[in-house]
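J.: Output the structure for:
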Amino acid sequence: MAKSRSQIQKEYRERKKLKDGKNYLKKESARVIKYYVPAAELPTKERKKRNARAKVHNQTHRRKRNAAALVLNESVTESSGYESIGSPLVVKLPLVGRRKGGKKKNTRALARAHGAMKRLKVEKEKLLKKLKAKSRQLKRLSTKINTGTRRPSEPCTPNSKTDIELRELNLTPRRRERVERKLMLKNVVLPEISEARASTLSMYERQSIARLVSGNTDLSLL
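T.: Numbers count the residues shown, from 1 in each chain. Now for the predicted structure:
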């Protein structure tokens, strides 16, 4: 009967163990560790399959270890030194091994630690994104304050000035309607008054315009 690939590979590994010994075991250990994925990074289904295989392997290993220790305990005997005593003195060696729950406890603690590290990495990435966004926002605001609120490409008209001032105030729609009229009136009237005052050469007319704007004169006298 032809051998399967798994049987051929198993026999080949057994021959390598007998031939190379510890060197082969070191190479195999390095090869397995290279492709090992931590249990915390595996999907739930794959992790359960791995745990089931590990459980069977550990049970088999414990059975073999206990059987070997039992054979050793039965074979280790020591005589008392007196020929008159016919029954030999049997010394039983204690079974030294780790508790069953210790490995499971450590595995669970390691899985929780990996999960906590993964969550912390995700939170760190989110915080870094927020920090970058706030930094860009602060930089834009600083540039806007240093260079002025109006962009060079925007036309310097009463409408554009009013829109910029309303955006900076960040008002509700209802309050925006009230303030927009006043700002529009200010942006239309004040430039015209400034131009009229600048084009007037007479000191009396300039003072009259200034009193008119400040409200310190009677319009009927003009």
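
J.: and stretch 106-123, how far from the chain's centre?
T.: Going by C-alpha atoms, centre = their mean, to the nearest Å, the spacing between the C-alpha centre of stretch 106-123 and its chain's C-alpha centre is 12 Å.

J.: Pull the residues that contact it.
T.: Here stretch 106-123 makes contact (C-beta atoms under 8 Å, 6 or more residues apart in numbering) with 38-41. Backbone N, C-alpha and C define where each C-beta goes, glycine included.

J.: May I ask which two of these are separated the most?
T.: Ala39 and Glu41 (7.4 Å; C-beta to C-beta).

J.: Let's have the contacts of stretch 106-123 in JSON lines, adding pLDDT and distance to Ser142.
T.: Conversion of the contacts of stretch 106-123 to JSON lines gives the following (pLDDT from 0 to 100; distance: C-beta to C-beta, whole Å):
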{"residue": "Pro38", "pLDDT": "86", "distance to Ser142": "45"}
{"residue": "Ala39", "pLDDT": "84", "distance to Ser142": "49"}
{"residue": "Ala40", "pLDDT": "84", "distance to Ser142": "43"}
{"residue": "Glu41", "pLDDT": "86", "distance to Ser142": "43"}
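
J.: could those residues be laid out in CSV, adding secondary structure?
T.: Shown next, in CSV, are those (DSSP: H, G, I helix; E, B strand; the rest coil):
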residue, secondary structure
Pro38, coil
Ala39, helix
Ala40, helix
Glu41, helix
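
J.: buried subset of these?
T.: For the contacts of stretch 106-123, a burial check counting by 16 or more other C-beta atoms under 10 Å picks out 39-40.

J.: Tell me where this protein has helices.
T.: When assigned using DSSP state H, the helices of the chain occupy the ranges 5-20, 22-34, 44-75, 100-147, 158-169, 173-199, 203-214.

J.: Just say which of those is most tucked in.
T.: When you average the neighbours per residue for each of those (mean count of other C-beta atoms under 10 Å), helix 158-169 leads with a mean of 15.

J.: Domain boundaries for this structure, per the record?
T.: 105-148, 155-221 (automatic domain parsing).
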